[in-house]
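*Asks:* Please work out how this folds:
(2 chains)
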Amino acid sequence: MTAFRNHIHFLRKTDDCCWLERPKSPSPQVLAGEALRANGPALRCTTADSRLDLVSGVYGGVDGLSRRSRYPWSRLGIGLGIDQEPEYVAVLEAVTELTDRVDEHGITYVERAATATDLSVRELGFPTPPDGTWPRLTLGLLSVGTDDGSYWTPIHGTVLDDETIRARVPDAITDRFARGGIVSVALGVPAEALAAAYHLTVTDGLSVPVEDRRVGSTVPVIPTSGGLVPSSSEVVIEAEIADQQPETRSEKREFWERIADSTTLTLDVTNVFTRDGAVVPFTPLDVPLSDDLQLVALALAAQLYDRVNSYWGVAPVEWLLLPASGRLGICVVSAKMLYAGFEWQLSNFLFSFSNCYDTVIIVDDEASPRDLGQVLADIWVKAHPSRDWLFSESDAPVARMPTYSREGTGARLYIDATWDPRWDEEYIAPQVSFTDSYPPNLRAAVRSSWAEFGFNTNPDGL
Amino acid sequence: MSASSFRTFIDVLERSGAITRITDDVSWDLEASAITMMAIETDDRIPVFESVQNRQSDTDARLVGDPYRGPQQRPWKWFSRAFDLPGGSGPAYYEGVIDRLREPIEPRIIPDTEAPCKEVIRTDDDASLLEFPWPYIHQGDGGRYATLTTLVAPDPDSEWGSWSRHRAMIHGASRASLLLLAGEQVPNHYYFNYELDDEPMPVALTIGAGPAVESTAEMWIPVGRSEVSFAGGLQESPVDLVRCETNDLAVPASAEVVIEGRVLPNERLHEGPFGDYFGYMNGPRRSMPILEVDAITHRSDPYVPFCVEGAGIGYGENSSSTFAVAASGPDATLGLRIAGFDVELAAPWPFTSRTVWVIAVDPAYPGVLHELANFIFTTWGMLHIDFFVFVDSDVNPLSPRAVIEAISLHADPSSDFHQFGVERMPKVPLNIYQTPDEKGSATVGTSKTKTSKAYIDACAGSDRPAQVVGDPDARKQARELLVEAGVPEAAFEPPNTIGGDR
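*Replies:* Next up is the predicted model:
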């Protein structure tokens, strides 16, 4: 388990987090939006006063559309403690495992790192978006304690005054509390806790408490008035659920709300706990590559990857990716073609298990999730424009993410960018690349002389 | 002052710190191209190979690996410096090129004595292709190739002939096979005029003709107009030409190498396999027309630039993909505007620049996208392009993120994907989605089997998600702070909207 501040520290150590003194202007939300637009590093806005440090881009940050040493899953993978350069599938599997049911509880209780503060929730200094009136907290973890255990979900909202938060939470969690009950909001939690909360929310898994999930024994926790929260949380807010719940909708939504029903929850803050030098994540909403979108993309991909490889008795799928740049309207899957027609079966399986996207792209099993550029070439180059772009009749349910229509029925498309399994081996065109086009001894010689030749880059990643 | 020769272009690169001169002995046999390929994949400097091993002659030729390759984030960067055009944003660069193309300048003939390309003149048996270290580029290629070439050929409609890029596979001292694909202007002249009359076609294959000439050789210049005049417009000065030794053609006086010869009628040599611009080795070998060499003139220490074809696919950028985005894109944008279409910008898809194009357009009336696609598919997009993606007029076609979002969110599979007939269109045989049998070896160079073409309407109208946070001033302030904190300024390119993000 990696505490959030250690996660940020690791990103800093790997040159993937830059620091900036929080300016009076522009808003950190604008800074974060521009950093995302630039495929930039995670961005930490520091303060010398009592306000929180804010950090954006922690859970994704990049789009994978240019060659880089960081991938959309790298930062989350580091937070999950997988590796400094985590493999994509290892991240998917780690996310899935966090929400696995466990028969025996292995809860580890550790003292809460945050201590009580006199600061009000408003004085914590959450960023106010340029189009907003109130400060906004994002990427929070809601904990609801019950007799059965604690339930974790995502939470975000606006800080209306010193003690009131108007939040959005999954509708499904409202069955677990009553008006006047106490809940806790934790910010700056370990990546395991947040990833599990997103995964449970988008996979309809909120009916089982975290004590019965692997995350409950992975992340050290501490009881609070609301429920169990990660002990290392940077900020813990205890709050009562207000008696009056106005009929309002927040102006902005986190991305999970496009998949799971959500509801407004007004909270009256009773206690605030912070760590020394507390740092919490935040993200602008509704813009490309936002952290909430990346977390949902990874959570949904983890679920689909697990399901599709648990179905046929074999595991034909190498990886499955929902590019954040497509806002989950496209699903890319790399698979071994088990037999002629398998591509049809696979794509329609994927349409059956998620209604987010209307397009599935299938690539060969040697394709790499680190090379989305090759995928975005192969769909036009390797797939025949009429034989391999295959449309269903227009009688399917309309996919959830595209914006072209919200009513009636629609069509689905799968693009088969794999080699036809009926083709003779001699028909298969070898790829052109440094690895494929040159013999090993020459490649080694080029690498060893690279700096002497006057080049600056590091060729070892290729 | 624009760079008007290959040498001055190299100077621009050198001053920009974009070149590394490698003085170690390097072999033309895969090694030079392996180094170039690695430089492409890592987006590093352009290699100049000062000492090429295994030379078979005294000619002190040097190889240059993909000299026209631009940085992956801003492929047009070196062209903008070479032509003194705006380079900060793609759309601004495009408009700069378009303005230049609107003002062509006729070339001028200079005396042989002033022409660097005449420093060495070899004719008849003294003229040998084997004097030069043509690279063997990918293992599996059918032979050694001249790839960055400009072929000058006669054109009855143009005083200066027709100029276009065609690669040559070297077969010996005096023979090479030329890739001539029917459907393009010069191949059409050869197949349907010269060859039908059993006449050889005089040509000059130039190497290192300079950035303006080589850019316009990639453009689709209308019949009756001359590529070299548009090159003059692009560089804002006349291109200096000199007459060939053995035919009436005029060639760029500053060229590094000029190979004069004839394309023989009704004779063929093998061409390919070759690691092609699709990013794969295409096969099988095919028969292509023969270039018979009559004379070679060159500078005394010529540069021989080459392109590692196929490396411009996916994330990579090579000379071919850079020409596509930095030359063909502005030319296509201008051409479509002149044809009456309300096109904001037309650009190749960065991951496969000759197969897919993205066009930002105002769909002013029903059916306009069909008309637009039909216009291009039947003209300059006939052989190579299979797909068009149409996006709203303020979506930046140079931003893959914006285009993927447009396809993902706004293209309805039931109504926005349109195929033009089913397998009725011609296709180059270099593709990899047809079987070798389907490609065949047709006499005029196109695939035996036809293919399909399609366009995608990814226009949204007004229903588009937000792209940015904050007003322009706040975002500018944010970018300045981020640059101070270490984020490279180029990282903000390309913006998702034309002019809007910044």
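
*Asks:* so B:A490 touches B:G70, yeah?
*Replies:* No. B:A490 lies out of contact with B:G70 (C-beta atoms under 8 Å); the separation is 11.3 Å. Any C-beta I mention is one placed from the backbone N, CA and C, and that applies to glycine too.

*Asks:* residue boundaries of the helices in chain B?
*Replies:* Using DSSP state H, the helices of chain B run over B:6-15, B:31-41, B:77-82, B:90-101, B:185-189, B:211-216, B:227-235, B:319-323, B:329-338, B:368-377, B:400-410, B:436-439, B:472-484.

*Asks:* Tabulate those in a markdown table, adding columns for mean pLDDT and mean neighbour count.
*Replies:* Formatted as a markdown table, those follow (pLDDT from 0 to 100; neighbours: other C-beta atoms under 10 Å in any protein chain shown):
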| stretch | mean pLDDT | mean neighbour count |
| --- | --- | --- |
| helix B:6-15 | 98 | 18 |
| helix B:31-41 | 98 | 27 |
| helix B:77-82 | 98 | 23 |
| helix B:90-101 | 97 | 21 |
| helix B:185-189 | 91 | 21 |
| helix B:211-216 | 98 | 29 |
| helix B:227-235 | 97 | 27 |
| helix B:319-323 | 98 | 28 |
| helix B:329-338 | 96 | 22 |
| helix B:368-377 | 92 | 18 |
| helix B:400-410 | 96 | 25 |
| helix B:436-439 | 81 | 18 |
| helix B:472-484 | 96 | 18 |
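
*Asks:* just to revisit the earlier point, who has more neighbours out of B:A490 and B:G70?
*Replies:* Between B:A490 and B:G70, counting by other C-beta atoms under 10 Å in any protein chain shown, B:G70 is the more crowded of the two (25 against 14).

*Asks:* wait, isn't that one in contact with B:W76?
*Replies:* Yes. Applying C-beta under 8 Å, one finds B:G70 in contact with B:W76, separated by 5.8 Å.

*Asks:* Show me the common contact partners of the two, please.
*Replies:* Residues touching both B:G70 and B:W76 by C-beta atoms under 8 Å, 6 or more residues apart in numbering or on different chains: B:322, B:325-326.

*Asks:* Show me the shaky parts of the stretch 351-500 of chain B.
*Replies:* Within the stretch 351-500 of chain B, the ranges that satisfy pLDDT under 70 run B:421, B:441-443, B:500.

*Asks:* List the beta-bridge partners for the closest residue to A:D378 other than its chain neighbours.
*Replies:* For A:D378, ignoring the flanking residues on the chain, the nearest one in space by C-beta to C-beta, 6 or more residues apart in numbering or on different chains is A:A417 at 4.2 Å. When bridges are called by DSSP bridges, A:A417 pairs up with A:V363.

*Asks:* distance of A:A417 from A:S334?
*Replies:* 10 Å (C-beta to C-beta, to the nearest Å).

*Asks:* quick one: contacts for residue 402?
*Replies:* Picking chain A for this. Contacts of A:P402 were listed using C-beta under 8 Å, 6+ apart, and they are A:329, A:357-358, B:408-412.

*Asks:* wrong one, chain B
*Replies:* B:A402 makes contacts with B:391, B:395-396, B:467, B:496-497, as judged by C-beta under 8 Å, 6+ apart.

*Asks:* same deal with B:V422?
*Replies:* A:386, B:452.

*Asks:* ok, now B:D362?
*Replies:* Residues near B:D362 by C-beta under 8 Å, 6+ apart: B:342, B:344, B:393.

*Asks:* Please list the outside residues in contact with stretch B:4-16.
*Replies:* Contact with stretch B:4-16 is made by B:3, B:19, B:46, B:48, B:64, B:67, B:78, B:81-82, B:116, B:208-212, B:235, B:237, B:239-240, B:252, B:254-256, B:303, B:305, as judged by C-beta under 8 Å, 6+ apart.

*Asks:* Quick check: nearest residue in space to B:W163, chain neighbours excluded?
*Replies:* Counting by C-beta to C-beta, 6+ apart, the residue nearest B:W163 is B:E227, at 3.9 Å.

*Asks:* Pretty sure that neighbour sits against B:D155.
*Replies:* No. Under the criterion of C-beta under 8 Å, B:E227 makes no contact with B:D155, lying 9.6 Å away.

*Asks:* can you list residues touching both of the two?
*Replies:* Common neighbours of B:E227 and B:D155 (C-beta under 8 Å, 6+ apart) are B:S162.

*Asks:* Could you let me know which of the contacts of B:A402 ends up closest to B:K448?
*Replies:* Closest approach between the contacts of B:A402 and B:K448, by C-beta to C-beta: B:V391, at 34.7 Å.

*Asks:* residue contacts, the closest one?
*Replies:* B:358-361, B:397, B:402-403, B:406, B:458-459.

*Asks:* out of the residues you listed, who has the most neighbours?
*Replies:* Each of those was scored for neighbours by other C-beta under 10 Å, and B:P397 scores highest at 32 neighbours.

*Asks:* That one contacts B:A406, correct?
*Replies:* No. B:P397 is beyond contact range of B:A406, at 9.6 Å (criterion: C-beta under 8 Å).

*Asks:* shared neighbours, the two?
*Replies:* Common neighbours of B:P397 and B:A406 (criterion: C-beta under 8 Å, 6+ apart): B:389, B:391.

*Asks:* quick check: domain ranges of the chain?
*Replies:* In the absence of a named chain, this looks at chain A. Using automatic domain parsing, the domains assigned to chain A come out as A:4-281, A:309-429.

*Asks:* Chain B, not that one
*Replies:* What automatic domain parsing lists as the domains of chain B is B:6-306, B:339-465.

*Asks:* Please name whichever of those is nearest to A:T409.
*Replies:* Ranking the domains of chain B by proximity to A:T409 (C-beta to C-beta) places domain B:339-465 first, at 8.0 Å.

*Asks:* and the residue nearest the centre of chain A, backbone torsions?
*Replies:* In chain A, the C-alpha nearest the mean C-alpha coordinate belongs to A:L295, at 1.2 Å (C-alpha atoms, centre = their mean). Recorded main-chain torsions at A:L295 are phi -60, psi -40, according to degrees, to the nearest 10.
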